[in-house]
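Trainee: Attaching a predicted model along with its sequence, questions to come.
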Amino acid sequence: MSKTGIYTSEIPFGEEDMLGDNLADVVVKACDKHAALPALSVVLPNGQSQTLSYKDLQHYSDAVAAWLVKDCGLKSGDVVALQSVNSLAFPVVAFGALKAGVTLTNINPMYTSAEAQYQLQDSGAVMLFVIDVFGATVAETIKDTKVRSVVRLSLTDLFPKVKAAAMNFLLQRVLKKIPEFNVPYEDTLGSILKKGKMHLASGFDAKTHIKSINPETAVFYQYTGGTTGRSKGAALSHHNLVSNVSQGRLHNGITDEDSGESVLLVLPLYHVYALAVGCISSMVNGFHVVLVPSPKPLSNLKAAFELCEISMFPAINTLFLGLLNEDWFKGDLIKPLRVCMSGGAPLAPETADAWKKHTGIEIHEGYGLTESTCAAISNPLASEPVRSNVGKPLPGTDIRFVDDDGHNVPRGERGEVWVRGPQIMTGYLGNPEATAETIEDGWLKTGDIGLIDNEGNVHIVDRKKDMVLVSGFNVFPTDIEAVLVTCPQVADAGVVGVPDPATGEKLVAWVVKAKGCEDLDAKTVTEHCRGELTGYKVPRDVRFIDELPKSPVGKVLRRELRDQTET
C-alpha cells in the first residue's frame, strides 16, 4: 500500500497487538504459558547437552532478578554487561536483567580488551557477567571503567553437578580451553541463583516488580559500528522490543498451535538478529531454542541435528554456504527442517539456489538493522518466499525510498531506504549529533539503497554508507584505518569491502608505507591488526600503494580504491 511515496504493510498494527506492557512482561507470560515445554537446550560438539523447560527459565531468571535488585541494589538506569558465547547462562542472565528493570549491554566475547573496555566505558556498565573462557583478559578489560563487580559464568552452568565437574576438568585441565581467571570475582551463576532463591522464598515477586518498569526505558544498549571510528550504543527500549516481537508474530501468521518447533541457534546471542529473532521471538511462540556455543568448525552443529529434530534455522549466507560443503549435512538429519531464515547480511542467489537443491527449502530473507531493533522488512514465514528480495514491511512499519535531496523516488527506482515504526531505536547513547544525522522526523536513514517492485516487494541493491558486512557483522573502514595508522611503519591507510563468496564481503586494506619502511610486508600489517581487532575486522587482503586517492578535503575516495581492488 502506498500513500504519496510511503509504503506500509497491509496488515494493521495497534496497541491491541502488543504482547505485553514491557519486555519482562512478555517473557513472564511466555514462560507461564509454555511452562511444561522445553525452552532451551545447549548442545556441545561432543554430544553433551542440557535442557531447561520454560518453568525452569522462569524460576532461574526470577532468581537472577531478585539478586540484582535485593543484593546489588540495582535499579532502572543501571547498566549490566554480558560477555558470553551461546550458553544456558546467557538467556537466564539476560532475562533476569530485564526482569530487574536494568539495562543490558551485550559484548562480543571475541573482542580484544580495548574493544570491550570501550563499550564498558561508553555504556557506563557497573557489573560484568563474563564467561570463564575469556577470563584471562578481564582485568585489562575492566580497567578504568565503572565496573565494580564481576560474575564468572561457565559453559557448564545449569548442567547436573557431577557432569559439570567432569566437563570443567576436561575443558580446563586436559583441553586447556579455560585459562586462569585473572581478576577477583565475588559470584558465579550458581551462587547468584542460591541467593536469589532465598529472596524469592522471602517474598520477592518478579511479576510485581516488573509492573514498575517504564516501557520507554532502555532494555538494551546494542553497539553498532560508527563512521567516526567509534561504535555507538543503539538505545533499544522495552517498547521497541515488544513492538518488534509483536510485529513479527503478526507478520508471520504464527498462532499458539505453532508452539513446539525446534530452532537451531548458532548465531551469537550478543548479535541483535540472534537475540531478537532467534531467541526472544522464538520463546514468545513457545519454540524450543537449541544453542550451539560456536559454529567453528561447522561439524560442531552435527550433534544438535542428531539430538534434536531441528525444524527452523535462522542463519546468514556464510552458514548456509558452509553447511552445503559438510558431508554429514544430509539425509535423515535434515528431514525435520522446514523453515530457514536469512538476515544480518545479503543472501547470495547462488547460495539460495544451492540450498534449495540440497534441502528442498526456500530461504525466507528479511532486512533490518540494530537501529530498527532487528526486523523491519521480511518475507512472511506463512507463505512461500519470493526469491531475490527481502519481502514486505512488517505491520506498523512505513518505508520510503529517497534521493540525495530527500525527495521520494517513484516506484521501481532506486533510493536510500528510510524506515519508520515503533521498533526504531530511541537514539544513540550519549550522541545526539549522530542520532540527529540518522533519524529525521521519526524516519531511520538506513544508508542502504533499495527499490520496491509492483508487487510491493523490497529489493536491497547497494549500500550508501561505507559500512562493510563481514559474515553479518557491521564493520566500518574508519575503525580499521584508525588501527592501521598506529603501526609505526604505516604512513596512511584506506580500507574497502569487496564481494566474497564465503563471507559476503571481505576487507581489503590499502597501505602507504612510512618513509624508510620499504620492507614492510602484508604479514606484519595483518599481525598488527590481530593485536588490536577482533578476528572478523582483520583485513583478509593487504595491498600497498604510493598515495591514497583523496578528495580536495582529504577524504579517502573508497570508490576508486574499490575499483582498483576489483580489477
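Mentor: Great, that's in hand. Numbering: from 1, shown residues only.
Trainee: Go ahead and confirm Ala218 touches His239.
Mentor: No - counting by Cβ atoms under 8 Å, His239 is not a contact partner of Ala218; they are 10.2 Å apart. Quick note: C-beta positions are derived from backbone N, CA and C, even for glycine.
Trainee: So those two - more neighbours on which side?
Mentor: Ala218 (26 against 21; other Cβ atoms under 10 Å).
Trainee: For the stretch 51-200 of the chain, just list every one of the strands.
Mentor: In the stretch 51-200 of the chain, the strands defined using DSSP state E, counting those that start in this stretch lie at 79-83, 103-106, 127-131, 149-153, 187-188.
Trainee: Save those strands as CSV, and put in distance to Trp418 and mean neighbour count too.
Mentor: Shown next, in CSV, are the strands of the stretch 51-200 of the chain (distance: least, Cβ to Cβ, whole Å; neighbours: other Cβ atoms under 10 Å):
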stretch, distance to Trp418, mean neighbour count
strand 79-83, 30, 25
strand 103-106, 27, 25
strand 127-131, 36, 24
strand 149-153, 40, 22
strand 187-188, 45, 18
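Trainee: So which of those is nearest Leu275?
Mentor: Judged by Cβ to Cβ, the one of the strands of the stretch 51-200 of the chain that comes nearest to Leu275 is strand 103-106, at 7.0 Å.
Trainee: The closest one: how far from the chain's middle?
Mentor: The chain centre lies 12 Å from the centre of strand 103-106; the measure is Cα atoms, centre = their mean, to the nearest Å.
Trainee: ditto for stretch 20-31
Mentor: Its chain's average C-alpha position is 21 Å from that of stretch 20-31, according to Cα atoms, centre = their mean.
Trainee: Ok, stretch 23-38 next?
Mentor: On the basis of Cα atoms, centre = their mean, stretch 23-38 sits 22 Å off its chain's mean C-alpha point.
Trainee: now swap in stretch 150-158 and tell me
Mentor: 21 Å.
Trainee: now swap in stretch 519-530 and tell me
Mentor: 29 Å.
Trainee: What are the buried residues along that stretch?
Mentor: Of all the residues in stretch 519-530, those buried under the rule 16 or more other Cβ atoms under 10 Å are Leu520, Val525, His528, Cys529.
Trainee: and which of these is nearest Thr373?
Mentor: Cys529 (31.4 Å).
Trainee: can you confirm the closest one is in a strand?
Mentor: No - with DSSP: H, G, I helix; E, B strand; the rest coil as the criterion, Cys529 is assigned helix and is not in a strand.
Trainee: Of the buried residues of stretch 519-530, just say which sits nearest to Trp443.
Mentor: Nearest to Trp443 among those, with distances taken as Cβ to Cβ, is Cys529, at 36.0 Å.
Trainee: Check what pLDDT the residue positioned nearest the centre of the chain gets.
Mentor: Nearest to the mean C-alpha position of the chain, counting by Cα atoms, centre = their mean, stands His271 at 1.2 Å. On the pLDDT scale, His271 is placed at 90.
Trainee: Make sure it is actually in contact with Gly368.
Mentor: No - using Cβ under 8 Å, His271 is not in contact with Gly368, being 11.7 Å away.
Trainee: Number of residues surrounding the closest residue to Lys70 other than its chain neighbours?
Mentor: Leaving out its chain neighbours, the residue that sits closest to Lys70 by Cβ to Cβ, 6 or more residues apart in numbering is His199, at 4.7 Å. His199 has 19 neighbours, counted by other Cβ under 10 Å.
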